[in-house]
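A.B. asks: sequence first, predicted model second:
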Amino acid sequence: AQSVTQLGSHVSVSEGALVLLRCNYSSSVPPYLFWYVQYPNQGLQLLLKYTSAATLVKGINGFEAEFKKSETSFHLTKPSAHMSDAAEYFCAVSDGAAGNKLTFGGGTRVLVKP
Amino acid sequence: GAVVSQHPSRVICKSGTSVKIECRSLDFQATTMFWYRQFPKQSLMLMATSNEGSKATYEQGVEKDKFLINHASLTLSTLTVTSAHPEDSSFYICSARIVRDGPLHFGNGTRLTVT
C-alpha cells in the first residue's frame, strides 16, 4: 500500500520569498513521485516527477523537488514566489508497476501575498 | 501536447436524475482513463480505472451500479451518475494515458451540483 502526507494544508508566502511544500510518502516498492498544481475549477497540471533518475528534479514554472529516500520525502521548492503561484498543490505517488495508479496527498493551498 | 477535454464543465441536476460526464482525448488515443472525485477542500480520490473495450475496475467503496463507466472507444470515456443525490455533489476529474506507465493527462473537471 502507498500513502502520501502533505504537511500543512495552507501555506502563505510573500511574493519573492521561498516556497517550500512538504511531502512524505510511504511505499513498499520504489516509488514514482509527482507534484501537480491545480488552479480553481480546473484539472491538474504536472509540475514535475521523480522516476528513479536524478534525485533533484526540475519542473515547470521554476519549481524543483528533491527525492530523499532516507527521509521518505519529496519536498517541492521554488526560490522566489510569484503571484501566479497561488494555487493548490498535490503530491502523489504511484508504484510504477503496470496499471500504476496515483495516490494523492491531501493538498496544500498556497497563498501569495504582495 | 496531449489534451483531455471534459464536458460539461458544470452541471446542476435534480435529485433522482442521472447525469453523464464525458472525457475525451482530443489528439491521442487513450488506452486507459481514470475517474476521480474531489470533495471541497479535499484531495482527489480515485473512483475507477477504465480500459477501452473492457469493464471498468472500481476502487473499494465506489458503487459500480451508481457510477456507470463506459469506455467505448480509445478517445471517449463516460461517467454516468445514476439517481443522483445531494451527497454526490462533487468535482469529478478524468485523466487519460496513452501507453502503460506513460504520463497522465488531466481534464479540467466537472462540477456536479445535485439539488
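C.D. replies: Arrived safely, thanks for sending. Residues are numbered from 1 along each chain as shown, chains lettered A, B, ... in the order given.
A.B. asks: quick one, grab the pLDDT at residue 73.
C.D. replies: Just so you know, I chose chain A. On pLDDT, A:S73 comes in at 96.
A.B. asks: try chain B instead
C.D. replies: 89.
A.B. asks: contact partners for the residue found closest to it once you drop the neighbours it is linked to in the chain?
C.D. replies: Once flanking residues are discounted, B:S73 sits nearest to B:E52: 6.7 Å by C-beta to C-beta, 6 or more residues apart in numbering or on different chains. Yep, even glycine has a C-beta here, placed from its N, CA and C like the rest. Contact analysis of B:E52 by C-beta atoms under 8 Å, 6 or more residues apart in numbering or on different chains lists B:A30, B:T31, B:T32, B:H71, B:A72, B:S73, B:L74.
A.B. asks: from A:Q42, how far out is B:E52?
C.D. replies: To A:Q42, B:E52 is 25 Å away according to C-beta to C-beta, to the nearest Å.
A.B. asks: report how many residues lie close to whichever residue of chain A sits closest to chain B.
C.D. replies: Closest contact between chain A and chain B, by C-beta to the nearest C-beta, is at A:G43 (3.6 Å). The number of residues packed near A:G43 is 22, by other C-beta atoms under 10 Å in any protein chain shown.
A.B. asks: can you show me the helices along chain A?
C.D. replies: Shown for chain A, no helices are assigned by DSSP state H.
A.B. asks: up against chain A, what does chain B have?
C.D. replies: B:4, B:6, B:9, B:32, B:34, B:41-46, B:49, B:91, B:93, B:95, B:100-101, B:103-104, B:106-109, B:111 (C-beta under 8 Å from any C-beta of the partner chain).
A.B. asks: contact partners for the residue nearest the centre of chain B?
C.D. replies: Taking C-alpha atoms, centre = their mean, the centroid of chain B lies closest to B:W35, which sits 3.7 Å from it. Each residue near B:W35 by C-beta under 8 Å, 6+ apart is listed here: B:C23, B:L46, B:M47, B:A48, B:S50, B:F67, B:I69, B:S77, B:L79, B:Y92, B:I93, B:C94.
A.B. asks: can you check A:W35 too?
C.D. replies: With contacts defined as C-beta under 8 Å, 6+ apart, A:W35 is in contact with A:21, A:23, A:46-49, A:59, A:63, A:65, A:74, A:76, A:89-92.
A.B. asks: shaky segments in the chain?
C.D. replies: Picked chain A for this. Low-confidence regions of chain A, defined by pLDDT under 70, span residues A:96-100.
A.B. asks: my bad, the chain I had in mind was chain B
C.D. replies: Along chain B, segments meeting pLDDT under 70 span B:1-2, B:100-101.
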